[in-house]
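K.L.:
Pasted the sequence and its predicted model underneath.
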Amino acid sequence: MSRKRDGFTLMEVMVAVVIFALVVSSLVMSFRTGVKAYDIGATHAEMDQTIRFVTTQVAQDLRNVFYRQPWTYNVTRNQREELLAQREKQMAESGARVDLLSDDQTPELGPRIDLSFRATDNGDADEISFARLQNEAQAETHRLFGLARIRYFLADGALYRAIDDVIAPEEDEFGNEIPKPVPPTVDKLANNVKAFDLKFGYYYDGEWLLADDWNSDASQYRNPSDEEENTDIFKGKRSSRSSRTRENVTYSGGYTTSSPLETRKTDDLPAWVEITYVFTDPKKTEKERTFRQVIQIYSSQETYIPPEVSDEDSQRDIFRTRRREH
């Protein structure tokens, strides 16, 4: 008489192992999918936060632009420079050799202030520099006159913000800039930035226009030197306006006092700044996200900008872009 044994047969064990493997594999796949989804969500959330931070910081800086027309400041320094040039000329004619800069009777020139608004068109890596009122709510180093010079630029796939004072760097006898004793403070705002493209809106001759670059101290867009050259710009011809008008302007801020009053017409500030950002996904660089931001410059000549400027689809059809010929 055979006795009954407790246990599983080989077939039962194999079936149980297969079922267990299927359950475990499904759990692992679900876990990996959840982790991947969380990673993607965290990456997108971090990118959104970075974009929000960058756009807020840029808008805050541009809305606090401080600008004065270039002939309204550096007047004393310009007068002293002219006096120094006249004395040098007189001494050269008399044959005397004296270093006027080391002469105790020569008045100190003092620092040259730079309040200009400048932007350079570098394709998708534009650069902008301007003076702004310092934010007293933030813990910033107090600078001269409570003003700071802000500079945004793109380098090695990252967007940077540099903070400096409004004192223009001095130049040596060869025209090279002398580094300041205290260098500007440079902060990295965002990584994975592929493009930082700037456009500048303004009103001229009855219509709204866009420019690729800007120099508030030059007579280039809003105040061209004459109608003939302005017509050449619209026809796409090369214009020599920049080379003829910029000789009356110093890029470090302030006209020379010998400039006639009628030449003291500059472009001043644009009505608005249109910024196009292109961010790349840090996980997949082939994926890009494009954002467009329009910031009105409150201290500009124009106190109004057309509502169509915020409509990305129709904006290019309404506004003409004036590009400089190189």
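P.N.:
Okay, I see it.

K.L.:
among the helices and strands of the chain, which has the poorest mean pLDDT?
P.N.:
helix 241-245 (a mean of 35; mean pLDDT, DSSP states H and E).

K.L.:
tell me what the next helix or strand after that helix is packed against?
P.N.:
Sequence order places strand 272-280 as the next helix or strand after helix 241-245, per DSSP states H and E. Counting contacts by 3 or more Cβ pairs under 8 Å, 6 or more residues apart in numbering; DSSP states H and E, strand 272-280 packs against helix 10-63, strand 193-204, strand 288-296. For glycine as for every other residue, the C-beta is placed from the backbone atoms N, C-alpha and C.

K.L.:
Need the winner for burial among the ones you listed.
P.N.:
Most buried of those, by mean neighbour count (mean count of other Cβ atoms under 10 Å): strand 193-204, with a mean of 21.

K.L.:
Give me the average confidence score over that strand.
P.N.:
The average pLDDT within strand 193-204 is 94.

K.L.:
Let me know the angle separating that strand from helix 10-63.
P.N.:
Strand 193-204 and helix 10-63 are oriented at 30 degrees to each other (axes from the mean of the first three to the mean of the last three Cα atoms, to 10 degrees).

K.L.:
which residue packs closest to D212, ignoring adjacent ones?
P.N.:
Using Cβ to Cβ, 6 or more residues apart in numbering and skipping residues adjacent in sequence, the residue nearest D212 is D121, 4.1 Å away.

K.L.:
Could you verify my assumption that that neighbour touches W214?
P.N.:
No: counting by Cβ atoms under 8 Å, D121 does not reach W214; the two are 9.1 Å apart.

K.L.:
Comparing those two, which shows the higher neighbour count?
P.N.:
Taking other Cβ atoms under 10 Å, D121 and W214 do not tie; W214 has more neighbours (26 against 18).

K.L.:
which residues touch that one?
P.N.:
The contact partners of W214, taken as Cβ atoms under 8 Å, 6 or more residues apart in numbering, are F117, R118, A119, F200, Y221, D267, P270.

K.L.:
So what's the residue count around the last one?
P.N.:
Spelled out, that is P270. P270 has 29 nearby residues by other Cβ under 10 Å.

K.L.:
I'd like the distance between the nearest residue to A211 once chain neighbours are set aside and R63.
P.N.:
Excluding the flanking residues, the one nearest A211 by Cβ to Cβ, 6+ apart is F200, at 4.6 Å. To R63, F200 is 15 Å away according to Cβ to Cβ, to the nearest Å.

K.L.:
Dump the C-alpha coordinates for whichever helix or strand R80 is part of into PDB.
P.N.:
Counting by DSSP H and E, the element that carries R80 is helix 75-94. Provided in PDB are the C-alpha atoms of helix 75-94 (Å, rounded to 0.1, in the frame of the first residue of the first chain):
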ATOM      1  CA  VAL A  75      30.500 117.800 -19.800                       C
ATOM      2  CA  THR A  76      33.200 118.700 -17.400                       C
ATOM      3  CA  ARG A  77      35.400 115.900 -18.500                       C
ATOM      4  CA  ASN A  78      35.000 116.800 -22.200                       C
ATOM      5  CA  GLN A  79      35.900 120.400 -21.500                       C
ATOM      6  CA  ARG A  80      39.000 119.400 -19.600                       C
ATOM      7  CA  GLU A  81      40.000 117.000 -22.400                       C
ATOM      8  CA  GLU A  82      39.700 119.800 -24.900                       C
ATOM      9  CA  LEU A  83      41.700 122.100 -22.700                       C
ATOM     10  CA  LEU A  84      44.400 119.500 -22.300                       C
ATOM     11  CA  ALA A  85      44.400 118.900 -26.100                       C
ATOM     12  CA  GLN A  86      44.800 122.700 -26.700                       C
ATOM     13  CA  ARG A  87      47.700 122.900 -24.200                       C
ATOM     14  CA  GLU A  88      49.400 119.900 -25.800                       C
ATOM     15  CA  LYS A  89      49.100 121.500 -29.200                       C
ATOM     16  CA  GLN A  90      50.500 124.800 -27.900                       C
ATOM     17  CA  MET A  91      53.400 123.100 -26.200                       C
ATOM     18  CA  ALA A  92      54.200 121.000 -29.300                       C
ATOM     19  CA  GLU A  93      54.300 124.200 -31.400                       C
ATOM     20  CA  SER A  94      56.600 125.800 -28.900                       C
END
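
K.L.:
So for it, what gets flagged as buried?
P.N.:
Neighbour counts over helix 75-94 (16 or more other Cβ atoms under 10 Å) mark R77, N78, E81, L84 as buried.

K.L.:
which stretches of the protein have low pLDDT?
P.N.:
When residues are selected by pLDDT under 70, those of the chain lie in 1-6, 95-107, 135-144, 225-264, 310-326.

K.L.:
Swap in 90 and give it another go.
P.N.:
Low-confidence segments of the chain (pLDDT under 90): 1-18, 20-48, 68-114, 133-146, 165-183, 204-207, 217-267, 281-288, 298-299, 301-326.

K.L.:
wouldn't N191 be in contact with G157 here?
P.N.:
Yes: applying Cβ under 8 Å, one finds N191 in contact with G157, separated by 6.6 Å.
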